[in-house]
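Enquirer: Structure, please.
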Amino acid sequence: MTFREHGRVTSSSAPGTNEPEPSEGLKAFGAALKSFRKRAGYTQEALAPEIGYSTHFLASIEQGRRFPPPRFVDQVEATLDAFGTLRLVVHQLSRQRGLASWFRRWAQLEQEAITLYTYECRLIPGLLQTPAYAEILFANQLPPVGDEQIAAQLAARIERQRLLTERPNTGYSFILEEHLFLRNMGGSEVTRELIDHVLAMAGRRNIELQIMPLARETHAGLDGPMQLLETPDNRWFAYNEGQESGQIISDPKVVSMLQMRYARMRSQALSFEESLSLLERMRGA
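Expert: Numbering: from 1, shown residues only. This is a model prediction of the structure:
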């Protein structure tokens, strides 16, 4: 993903896939592997048969064009005596493997954010999803994906959700449309569990939740979902996402406009207490 200090940046992966594109992370793993290989005195041609892979496969890994499979990592760790370094690097890669390529830069910004605002009108935001709800979404992707990719996406989502509990000094605000809970995605049990989870998260001191009711004469969010975040050096960025694409916005004028819209929605949505009361009634029903 490219990223500029000012203006808009749009990136996307190949249509219909969330698999990782050649990235800095894959290149970093390849460079580390190459360094340990040379340190151990191996050429690619000599190492490949030692670990049970072709020279072409090994070259692809070192060039950052393939994701290293677990058996490959175990073999090179043992053969090259890499002190666990390669396993550590691939663990970090695996955390992002289940993230869509266009979302990864924003996910990195999230990890340092001191403030994060989210308005969503399409589905429950990833940070608030339960595993059952998320798995329903992943299983219904089109084109369909395999079980391994679904598992990778679910693991990445659960890992990302740790932000809510491991960053207690970050302020989170969510404005969610009421109809997201009425859709009954996955059935009544999945929805009931989802509401319980959202209510529990809203009980944390650093999380604010508001519901935008079905009937509202004015609505500042009709242009679609948005996310806003503030970095530790007090810069603000915005993120908009569509089908198979995501856009990070750093232009201060555009970010200010989106902040204005979010602030207006906060006044239009139900209060925190009213929102919790509505969810509790929906949970009971």
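Enquirer: Output the below-cut-off pLDDT ranges for this structure.
Expert: In the predicted model of the chain, residues 1-23, 92-97, 285 satisfy pLDDT under 70.
Enquirer: how about the strands in it?
Expert: Counting by DSSP state E, one finds strands in the chain at the ranges 8-11, 115-120, 171-177, 207-212, 226-230, 236-242, 245-249.
Enquirer: okay, the ones you listed in JSON lines with distance to residue 219 and mean neighbour count next?
Expert: No exception for glycine: its C-beta is placed from N, CA and C like everyone else's. Shown next, in JSON lines, are these (distance: least, C-beta to C-beta, whole Å; neighbours: other C-beta atoms under 10 Å):
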{"stretch": "strand 8-11", "distance to residue 219": "24", "mean neighbour count": "15"}
{"stretch": "strand 115-120", "distance to residue 219": "11", "mean neighbour count": "21"}
{"stretch": "strand 171-177", "distance to residue 219": "9", "mean neighbour count": "22"}
{"stretch": "strand 207-212", "distance to residue 219": "7", "mean neighbour count": "22"}
{"stretch": "strand 226-230", "distance to residue 219": "13", "mean neighbour count": "22"}
{"stretch": "strand 236-242", "distance to residue 219": "17", "mean neighbour count": "19"}
{"stretch": "strand 245-249", "distance to residue 219": "21", "mean neighbour count": "20"}
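Enquirer: Would you mind giving those strands as TSV with distance to residue 162 added?
Expert: Converted to TSV, the strands of the chain look like this (distance: least, C-beta to C-beta, whole Å):
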stretch	distance to residue 162
strand 8-11	25
strand 115-120	14
strand 171-177	13
strand 207-212	14
strand 226-230	17
strand 236-242	19
strand 245-249	21
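Enquirer: Out of these, which gets nearest to residue 191?
Expert: strand 171-177 (13.3 Å; C-beta to C-beta).
Enquirer: my guess is residue 230 meets residue 255, correct?
Expert: No: using C-beta atoms under 8 Å as the test, residue 230 is too far from residue 255 to be in contact (10.1 Å).
Enquirer: intersection of neighbour lists for those two?
Expert: Common neighbours of residue 230 and residue 255, using C-beta atoms under 8 Å, 6 or more residues apart in numbering, are residue 236.
Enquirer: about what we covered before: indicate which one of the strands of the chain is closest to residue 275.
Expert: strand 207-212 (4.1 Å).
Enquirer: Neighbouring strands - and their directions - for that closest one?
Expert: Paired neighbours of strand 207-212 in the sheet (DSSP bridges): strand 171-177 (parallel).
Enquirer: what's the angle from the strand it pairs with to strand 115-120?
Expert: Orientation check (axes from the mean of the first three to the mean of the last three C-alpha atoms, to 10 degrees): strand 171-177 against strand 115-120 gives 10 degrees.
Enquirer: what's the neighbour count on the residue nearest to residue 99 when sequence neighbours are not counted?
Expert: Ranked by C-beta to C-beta, 6 or more residues apart in numbering and with sequence neighbours excluded, the top spatial neighbour of residue 99 is residue 156, at 5.1 Å. Neighbourhood size, residue 156 [other C-beta atoms under 10 Å]: 23.
Enquirer: Can you tell me how far residue 156 is from residue 176?
Expert: For residue 156, the distance to residue 176 (C-beta to C-beta, to the nearest Å) stands at 22 Å.
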